[in-house]
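Peer 1: predicted coordinates and the sequence they were generated for:
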Amino acid sequence: MSTIHVTLVIDTDALPSDPSQSPAAACLLYDSCLDADAGSSTDFTVHANPGDTVIFHISSKNNTSAVAISSFAYLGGAVGVFKSLPSSPNWAGIVGDEPGKSESYTIGFKANGNTYTLDPDIKVNT
């Protein structure tokens, strides 16, 4: 069991002014997993093993603009790959025993006075 640090990097200058539009083009998602796929920063997929702890972080690309995670939820329900959903203040969750399962979720974040949502996936390795 490992700890995977996932960092959402936001280019606040590239965010859409309308928060209902997707912020994906202004976001990169990095994880500390040694076997992460090469495109994970833009396809927004995190790979984890059962029992791994996944901790979510956020930062601005310019390291000066204020950004903060505001919510974390599963798409389509309240049950997914985490034993319990990551929540404030540490945004950490432990992956349950669901090998091969993939789950989409939303990360809400605040930047530029707006709240945006990004819809990454977490996949549990088999």
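Peer 2: The structure has been received and is ready for your questions.

Peer 1: mind listing the helices for this protein?
Peer 2: Assigned by DSSP state H, the helices in the chain fall at 40-43.

Peer 1: pLDDT weak spots in it?
Peer 2: The chain contains residues with pLDDT under 70 at 33-43, 77-78.

Peer 1: just give the nearest non-adjacent residue to Ile94, would you?
Peer 2: Excluding the flanking residues, the one nearest Ile94 by CB to CB, 6 or more residues apart in numbering is Lys83, at 4.8 Å. Where you see a C-beta, it was placed from the backbone N, CA and C, and this is true even at glycine.

Peer 1: surely the one you found and Val95 touch.
Peer 2: Yes - counting by CB atoms under 8 Å, Lys83 touches Val95, with 7.5 Å between them.

Peer 1: mind checking which of the two has more residues around it?
Peer 2: Between Lys83 and Val95, counted using other CB atoms under 10 Å, the more crowded position is Val95 (26 against 13).

Peer 1: and the more buried one, what does it touch?
Peer 2: Ala48, Asn49, Pro50, Gly51, Asp52, Thr53, Val54, Val81, Phe82, Lys83, Ile122, Val124 (CB atoms under 8 Å, 6 or more residues apart in numbering).

Peer 1: next: Asp31.
Peer 2: Residues in contact with Asp31, defined by CB under 8 Å, 6+ apart, are Ile4, His5, Val6, Thr7, Ser40, Val46, His47.

Peer 1: same thing but 7 Å
Peer 2: Residues in contact with Asp31 (CB atoms under 7 Å, 6 or more residues apart in numbering) are Ile4, His5, Val6, Ser40, Val46.

Peer 1: one step back: take the contacts of Val95 and write them to CSV, including distance to Asp18.
Peer 2: Below are the contacts of Val95 laid out as CSV (distance: CB to CB, whole Å):
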residue, distance to Asp18
Ala48, 33
Asn49, 38
Pro50, 39
Gly51, 40
Asp52, 36
Thr53, 35
Val54, 30
Val81, 31
Phe82, 30
Lys83, 36
Ile122, 28
Val124, 34
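
Peer 1: mind checking which of these are in strands?
Peer 2: Under the assignment DSSP state E, those contribute Ala48, Thr53, Val54, Ile122, Val124 to strands.
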